[in-house]
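Undergrad: with the sequence up front, the predicted model follows.
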Amino acid sequence: MSISRQNLTVVIVTLKSEHIIDQCIKSIDNNIAIIVVENSNNEEFKKNIENKYKNVSCILSNKNIGMGAGNNIGIENAKTDFVLILNPDVLLFEDTIDKLINAGKDLKNFAIISPISDNVNYPNFSINEKTNTNYDNTFEVDSIDGFCMLINKNRIKSILKDLKTFDENFFMYLENDDLCKRVKQVKEKMYIVPNCKIRHYGAKAVSERFYKEIELSRNWHWSWSKFYFSKKHRGYFYAILEGFPKFVSSIIKCFFYYIFFKKYKSKIYYNRAFGFFNAMIGKSSWYRPKLD
């Protein structure tokens, strides 16, 4: 099946995103199905968003299960062959969908494609080896940032066998890198479409009134996810050698800022160290921000 508006579903995972979700949805054509996976049991949010937008269905996960697991729910419930994963703090341009669909039709085979970020200082892709890439035309990459990626659902399912699209052991960070790495390992293709743009506001998906709690969570999960990713793809001892210097540094900084009465900053470094330690001893990514 070829990509089209009728064969495309947008999946957006939200949590405390009421301040920004509307502008994201309004940037998407209203004839494209949208599944919002709300990582809570917020019945009022579900009712409001489904009443406001006729092309939107909202699934409540009933608890904060993370980005990867939330995206998996959306992918599994999508009735189309193609799924566009979006963060709620992403905006599409007026021609983004058209150009993405056209690029998908032109490509013979692809597992994942993506528009390009309009912020040239923060590219949403990486290429591991230096090549003579022509950045004016659609080009192949080694990884794509998870805030916007169009997944060829059936192709992904066939190459990953019985595995879920995103590894749900990741709560936050690197679940998209892990997916891209698994795709590359089986020699499947991922592309960036440079004439097709998106805007990512970055770290705006959750209301700013929870900023401090979210920062604590980010620091914990970055350390945890970095260790788990390295262990999964390069081995336990590599993950230890790679992360141990920063672990020690975080402990030292934690005590330093605690002594000088900068308790929040001390807590940041405590969470960095504690996230690494939990991953090192094999505990799951259990930490959750307090957003009540």
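TA: Sure thing, it's come through. Residues are numbered from 1 along each chain as shown.

Undergrad: tell me, what residue is most central in this protein?
TA: Centrality entry for the chain: nearest residue to the mean C-alpha point is G146, 3.5 Å, by C-alpha atoms, centre = their mean.

Undergrad: who touches the closest residue to that one other than its chain neighbours in this structure?
TA: Of all residues beyond its chain neighbours, the one nearest G146 is N176 (3.0 Å), with distances taken as C-beta to C-beta, 6 or more residues apart in numbering. (Glycine included, C-beta is placed from N, CA and C.) Shown in contact with N176 (C-beta atoms under 8 Å, 6 or more residues apart in numbering): S143, I144, D145, G146, M149, F166.

Undergrad: hang on, the residue nearest to the centre of the chain is in a strand, isn't it?
TA: No: counting by DSSP: H, G, I helix; E, B strand; the rest coil, G146 is not found in a strand; it is coil.

Undergrad: next one: phi and psi at it?
TA: phi -80, psi -10 (degrees, to the nearest 10).

Undergrad: contacting residues around it?
TA: Here G146 is in contact with M67, N71, I85, N87, E175, N176, L179 (C-beta under 8 Å, 6+ apart).

Undergrad: switch the cut-off to 7 Å
TA: By C-beta atoms under 7 Å, 6 or more residues apart in numbering, G146 lies in contact with M67, I85, E175, N176.

Undergrad: buried stuff in the one helix or strand P245 maps to?
TA: Following DSSP states H and E, one finds P245 within helix 236-259. Within helix 236-259, the residues that count as buried by 16 or more other C-beta atoms under 10 Å are A239, G243, F247, S250, I251, K253, C254, Y257.

Undergrad: now do it: which elements does it pack against?
TA: Helix 236-259 sits against helix 211-234, helix 263-280, with contacts defined as 3 or more C-beta pairs under 7 Å, 6 or more residues apart in numbering; DSSP states H and E.

Undergrad: now the ones you listed in CSV, with mean pLDDT?
TA: Conversion of the helices and strands packed on helix 236-259 to CSV gives the following (pLDDT from 0 to 100):
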stretch, mean pLDDT
helix 211-234, 97
helix 263-280, 98
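
Undergrad: and those as TSV, adding distance to S27 and mean neighbour count?
TA: Below are these laid out as TSV (distance: least, C-beta to C-beta, whole Å; neighbours: other C-beta atoms under 10 Å):
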stretch	distance to S27	mean neighbour count
helix 211-234	23	20
helix 263-280	33	20
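
Undergrad: how about these, which one is nearest T138?
TA: Nearest to T138 among these is helix 211-234; the distance by C-beta to C-beta comes to 27.1 Å.

Undergrad: is it true that F171 lies in a helix?
TA: No: remark: F171 does not belong to a helix; assigned using three-state DSSP, it is coil.

Undergrad: who touches it in this structure?
TA: Here F171 is in contact with G66, H221, S285 (C-beta under 7 Å, 6+ apart).

Undergrad: quick one: the helices in the stretch 51-200 of the chain, in order.
TA: For the stretch 51-200 of the chain, the helices defined by DSSP state H, counting those that start in this stretch cover 67-77, 96-106, 153-160, 175-185.

Undergrad: list the buried residues of the second one.
TA: Across helix 96-106, burial judged by 16+ other C-beta under 10 Å covers T96, I97, K99, L100, I101, N102, A103, G104.

Undergrad: ok, now how distant is the fifth one from F261?
TA: It refers to I101. Distance of I101 to F261, given as C-beta to C-beta, to the nearest Å: 56 Å.

Undergrad: same check on the third one?
TA: Counting by C-beta to C-beta, the separation of K99 from F261 is 53 Å.

Undergrad: likewise for the fourth one?
TA: Here L100 is placed at a distance of 51 Å from F261 (C-beta to C-beta).

Undergrad: the nearest residue to G202 once chain neighbours are set aside: how many residues sit nearby?
TA: Counting by C-beta to C-beta, 6+ apart, D89 is the residue found nearest to G202 once chain neighbours are left out, at 6.8 Å. Summarising burial for D89: neighbours were counted as other C-beta atoms under 10 Å, giving 21.

Undergrad: would you confirm that D89 contacts A205?
TA: Yes: with contact defined as C-beta atoms under 7 Å, D89 and A205 form a contacting pair (4.6 Å).

Undergrad: ok so, going back, to V10, which of the helices and strands packed on helix 236-259 lies closest?
TA: helix 211-234 (23.8 Å).

Undergrad: got the angle for that closest one vs helix 175-185?
TA: 20 degrees (axes from the mean of the first three to the mean of the last three C-alpha atoms, to 10 degrees).
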